[in-house]
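Q: Provided below are the primary sequence and the corresponding predicted coordinates.
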Amino acid sequence: MSESGGTDSGGTDDTVEAAHALGASRTLWELVERRAARTPDRPVLLQGDRVLTFGGLRDRAERAAAGLYARGVRARTVVAWQLPTRIETAVFTFALARLGAVQTPVIPFYRDKEVGYALRASGAEFFAVPGVWRGFDHTAMARRLGARGILEVYGPDSLPDGDPAVLPPPPAPADGTAVRWIYWTSGTTSDPKGVLHTDRSLIAGGSCLAHALRLTPDDVGSMAFPYAHIAGPDYTVMLLMYGFPAVMFEHFALPGALAEYRRHGVTVAGGSTAFYAMFLAEQRKRPDEPVIPSLRLLTGGGAPKPPELYHAVVRELGCRLTHGYGMTEVPMITMGDPADTPENLATTEGRPPAGMEIRIAGAGKAGEEGEEGEVLLRGEAVCQGYLDPEQTAAAFDADGFLRTGDLGRLTPSGHLVLTGRLKDVIIRKGENISAKEIEDLLHEHPGVGDVAVIGLPDAERGERVCAVVEQPPGAEPLTLDAVTAFLRGAGLAVVKLPEQLEVVDALPRNDTLRKVLKYRLRERYGEKAE
């Protein structure tokens, strides 16, 4: 089924210069219109047998905007949506962008507690849900929570529809710096934070990703993550700037999803470190047959990347791997460059784009290279703060830099090396120990599939080092003695050696980018440390 509109301009102007010009758009709707005018018949979203073109995205979003306008949605109306990764979800969000509404996306896996908090804190006047999705009744939950203006968006024919002639003019360019998005942090042990973004901050983040990856109109991307994640606009901005399509996965699981990657000839895949590992595991089942023959680049972010995983991907999957650094507050901070050296790609998070300032706290105003400290950020892609003004005040320093809570250092070439999280620094008998340093070394052990190193309360030491390991299939059972012997052989200082080993079938992860949830491990094993 083709969902298109307009006539093809041929795409002859899809150069890097044209992409940079599109990236200067002030609002997301302006970006949609400018891309649709250039290449209306070129595909942008692929899902099963469905194809949505850039012109089709513009036209269908305008009709959906008219339908929403008839329901009472206006500029600055707060609309929450909890929708899966589908073509109509993208259309719905751009319909809201056409109206200048304030959107608050909610990850589809969240339930009453998180959803209820998001609806209350944002003051949402409308709430779009997919009806029954993967066995859960989202409409019933919305009613249970007393949500206002419930909209069911469950398929192509369920989108609001109307005559675009009734619409007011699109948002003015100046509206690009108005808060139009409320994203939610994961909220591990407390209520999530509402992160305030503008169209321009999302365009700036997506532009960084697009330019760093050196993509072309001939590429085919993939969205294997929830569209409601901050990565959704990141990726969509990239498609709009460079004029190429992406395959959408409503539910990503391997090996089942591989058929769609092959069918559409995906050239760029990824999502996060966990996705790299999953593709690698599939490749190892048939080492002599490329798991995705068209694949040339794996890319992502969202979690630390062990250097050994980088080398294994390049060696065994036969493609490049570029890893980046971002967060809900700043969707794209740095990104690896496919043309960079293997050393930089393996051991750093890449370099920041123009307009992103990185300061290392404690390393001077210029953030002298080599010195470690908290990573501070300032630039157009940085959020406007949080719904809670007190949280905003606590998050920014006197110079307007956002405190990330991440530890890192800058290299002489301007690459950023992340060395851990402030809360992941383990203090054992007064010595600071980096969990990431131990994790990177353990990733080189053949009996380790994945690992999380945590600090646990200890009456004698203050904290003790605990390694929680997920082993690959068929591996010999690990012992603490074997782990410490391996780390000693790798040159790790004795003071940093783990004193506790836990082997699990699977590390706990979130449902977005499959990030390991260390707080659950601390809760689970904390009592054993007493």
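A: Thanks, I have it. Numbers count the residues shown, from 1 in each chain.
Q: ok, Glu316 - contacts?
A: Neighbouring residues of Glu316 by C-beta atoms under 8 Å, 6 or more residues apart in numbering: Leu280, Gln283, Arg284, Pro287. The C-beta positions use only the backbone N, C-alpha and C, and glycine is treated the same way.
Q: now find how far off-centre the helix or strand containing it is within its chain.
A: Per DSSP states H and E, Glu316 falls inside helix 307-317. Remark: helix 307-317 is offset 21 Å from the chain centroid, using C-alpha atoms, centre = their mean, to the nearest Å.
Q: now it: mean pLDDT?
A: Helix 307-317 carries an average pLDDT of 94.
Q: if we go by neighbour counts, what in that helix is buried?
A: Pro307, Glu308, Leu309, Tyr310, Ala312, Val313, Val314, Leu317 (16 or more other C-beta atoms under 10 Å).
Q: if any of the contacts of Glu316 are buried, put those into a ChimeraX selection.
A: With 16+ other C-beta under 10 Å as the criterion, this ChimeraX line picks the buried residues out of those:
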select :280,283
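Q: going by distance to Asp137, which of the contacts of Glu316 wins?
A: Leu280 (36.9 Å; C-beta to C-beta).
Q: am I right that that closest one is in a helix?
A: Yes - Leu280: assigned to a helix according to DSSP: H, G, I helix; E, B strand; the rest coil.
Q: that one: what's it in contact with?
A: So Leu280 contacts Leu309, Ala312, Val313, Glu316, Leu317 (C-beta under 8 Å, 6+ apart).
Q: gap between the most centrally placed residue in the chain and Asp175?
A: Geometric centre of the chain, nearest residue: Ala231, 3.9 Å, by C-alpha atoms, centre = their mean. Distance of Ala231 to Asp175, given as C-beta to C-beta, to the nearest Å: 24 Å.
Q: now Glu114
A: Taking C-beta to C-beta, one finds Glu114 at 29 Å from Asp175.
Q: same thing with Gly256?
A: As judged by C-beta to C-beta, Gly256 and Asp175 stand 42 Å apart.
Q: more neighbours, those two?
A: Taking neighbours as other C-beta atoms under 10 Å, Gly256 and Asp175 compare with Asp175 leading, 19 against 10.
Q: so that one: helix, strand or coil?
A: Once three-state DSSP is applied, Asp175 turns out helix.
Q: most remote residue from the middle of the chain, which is it?
A: Glu460 (39.6 Å).
Q: wasn't that one part of a strand?
A: No - per three-state DSSP, Glu460 lies outside any strand segment and is coil.
Q: how is the chain carved up into domains?
A: 2-201, 253-420, 429-529 (automatic domain parsing).
Q: least reliable of the ones you listed going by mean pLDDT?
A: Lowest mean pLDDT of these: domain 429-529, a mean of 87.
Q: now do that domain: distance to the chain's middle.
A: 25 Å.
Q: surely Arg50 meets Glu88?
A: No - if you go by C-beta atoms under 8 Å, Arg50 and Glu88 don't touch, sitting 9.7 Å apart.
Q: check contacts around the closest residue to Leu387 other than its chain neighbours.
A: Leaving aside its chain neighbours, Leu387 sits nearest to Gly194 (3.5 Å; criterion: C-beta to C-beta, 6 or more residues apart in numbering). Going by C-beta under 8 Å, 6+ apart, Gly194 touches Thr104, Ala118, Ala121, Ser122, Ile182, Tyr183, Trp184, Tyr386, Leu387, Asp388.
Q: one more pass at 10 Å, please.
A: Listed by C-beta atoms under 10 Å, 6 or more residues apart in numbering, the contact set of Gly194 reads 104, 117-118, 121-122, 181-185, 328, 385-388, 391.
Q: do the same with Ala178
A: Thr27, Ala75, Arg76, Gly100, Val102, Pro171, Ala172, Thr198, Asp199, Arg200, Gln384.
Q: now do the SS call for the third one.
A: Going back to what we said before, that points to Arg76. What three-state DSSP gives for Arg76 is coil.
Q: would you list the buried residues of helix 307-317 in CSV and tack on distance to Lys436?
A: Formatted as CSV, the buried residues of helix 307-317 follow (distance: C-beta to C-beta, whole Å):
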residue, distance to Lys436
Pro307, 11
Glu308, 13
Leu309, 13
Tyr310, 15
Ala312, 18
Val313, 19
Val314, 21
Leu317, 24
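Q: which one of those is nearest to Leu45?
A: Set against Leu45, the nearest of the buried residues of helix 307-317 by C-beta to C-beta is Leu317 (25.3 Å).
Q: from what I see, the closest one and Tyr276 are in contact.
A: Yes - here Leu317 lies in contact with Tyr276, judged by C-beta atoms under 10 Å, at a distance of 8.6 Å.
Q: what is in contact with these two at once?
A: By C-beta under 10 Å, 6+ apart, the residues touching both Leu317 and Tyr276 are Ala269, Leu298.
Q: for my notes, confirm Glu343 occurs in a helix.
A: Yes - Glu343 forms part of a helix when assessed by three-state DSSP.
Q: residues contacting it?
A: Pro307, Thr411, His415.
Q: ok, 7 Å please
A: Applying C-beta atoms under 7 Å, 6 or more residues apart in numbering, we find Glu343 in contact with no residue.
Q: for the residue nearest to Leu387, give me phi and psi.
A: Backbone geometry at Gly194, expressed as degrees, to the nearest 10, gives phi -90, psi 110.
Q: list the beta-bridge partners for it.
A: Trp184 (DSSP bridges).
Q: please report how far it lies from Ala210.
A: From Gly194 across to Ala210, the span is 27 Å (C-beta to C-beta).
Q: with Val153 instead?
A: With distances taken as C-beta to C-beta, Val153 is found 28 Å from Ala210.
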